[in-house]
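> give me a model of this one.
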Amino acid sequence: MALDPARLVVLYAELGQDGAERVISAAMEDLAGLLTTLEDTAKIAHRARLRATIAEICELAEQVGLTSMVRAARHLAQCVEQDDPVAQSAVMARLGRIAERSLTEVWDLGDLSS
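Model (predicted):
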């Protein structure tokens with residue numbers, strides 16, 4: 001799992017502990033919602049909405065230093081652009097696994113679970 005702890009350090013330095021924890025928690029909640037939207041949108045094969053949702057995922061994941069999630073989302077964008085449903089399905093599954101691990105890792109690193 002690639003996590004950029006330097007990004008979290010910057011957030012904590014800029015926003016303080018409470019502010020950083022609020023931003024990180026909100027980003028993680030938003031990411032969870034976007035992943036659900038992504039799955040629903042993929043089922044109906046709405047490519048424009050898929051691209052927009054992937055861009056939002058990349059932006060939020062970058063904000064909190066989730067480099068593995070950003071990388072997987074960018075791979076997914078390539079699959080959508082290439083209209084490769086098999087690869088798209090595989091990369092979406094990988095993105096889901098990364099998202100699950102990322103939530104735990106960010107909470108552990110930032111001590112957000114307490």
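
> could you measure from P5 over to T67?
P5 is 10 Å from T67, where distance means Cβ to Cβ, to the nearest Å. Where you see a C-beta, it was placed from the backbone N, CA and C, and this is true even at glycine.

> what sits against the closest residue to I57 other than its chain neighbours?
Excluding the flanking residues, the one nearest I57 by Cβ to Cβ, 6 or more residues apart in numbering is A73, at 4.7 Å. Each residue near A73 by Cβ atoms under 8 Å, 6 or more residues apart in numbering is listed here: 54, 57-58, 61, 95.

> helices and strands around the helix ranked longest in the chain, which ones?
The single longest helix within the chain, with elements called by DSSP state H, is helix 5-44. Packing partners of helix 5-44 (3 or more Cβ pairs under 8 Å, 6 or more residues apart in numbering; DSSP states H and E): helix 47-63, helix 85-110.

> one more time with 10 Å
helix 47-63, helix 67-81, helix 85-110 (3 or more Cβ pairs under 10 Å, 6 or more residues apart in numbering; DSSP states H and E).
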